[in-house]
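J.: Prediction below, plus the sequence it came from.
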Amino acid sequence: MFVLELISALLEKLRPEQTVRGRRSRTRAVGDRAEDFAVDFLKRQCRFRVVERNLEDEDGELDIVGRIRGNEGLVVVEVRSRKEGGLITPREAVDLRKQRQVVETARRILRRRGYHDVLRFDVVGVYLDKNGEPTRAEHFPDAFDRLALRPS
């Protein structure tokens, strides 16, 4: 899987800038729909309350930050969407490298915003139909590997 990601990243850099921009906006629109779907899913399933969405800084982005009733602290949710029946699941797409990036970004951004809560990292996988519309979601609480959670 790592090799496929590497090849994909290399091909992305080799594409003309115009194509990349057009693809990003389409990809971003699908990502936004998947995030909205994930928030609705979490609200229904876990009584989730959104605190922040799409927090960015110079080195990363957090999709969703919120609270779940009965859970101490903040929950940082990484949303990944994939086409139904794809080669890898949305959960598998959040590899150790991505987990480390999200953890470092969360610690940096949330500290700057004055949050000092205990953090939990969840993944919500959103499955898309052939038209890119969300059809279902899966929630993976406390999904990050211990190696990603260690301070660097």
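T.: Happy to help now that I have it.
J.: count of residues packed around the nearest residue to residue 103 once chain neighbours are set aside?
T.: Leaving aside its chain neighbours, residue 103 sits nearest to residue 148 (5.3 Å; criterion: CB to CB, 6 or more residues apart in numbering). Heads up, the C-betas are built off the backbone N, CA and C, glycines and all. Residues near residue 148, counting by other CB atoms under 10 Å, number 20.
J.: got a pLDDT number for residue 148?
T.: At residue 148, the model reports a pLDDT of 76.
J.: Please report how far it lies from residue 132.
T.: According to CB to CB, to the nearest Å, residue 148 and residue 132 sit 29 Å apart.
J.: Kindly report the same for residue 75.
T.: 26 Å.
J.: same deal with residue 114?
T.: From residue 114 across to residue 132, the span is 37 Å (CB to CB).
J.: The two: which is more packed in?
T.: Per other CB under 10 Å, whichever of residue 114 and residue 132 has more neighbours is residue 132, with 14 against 6.
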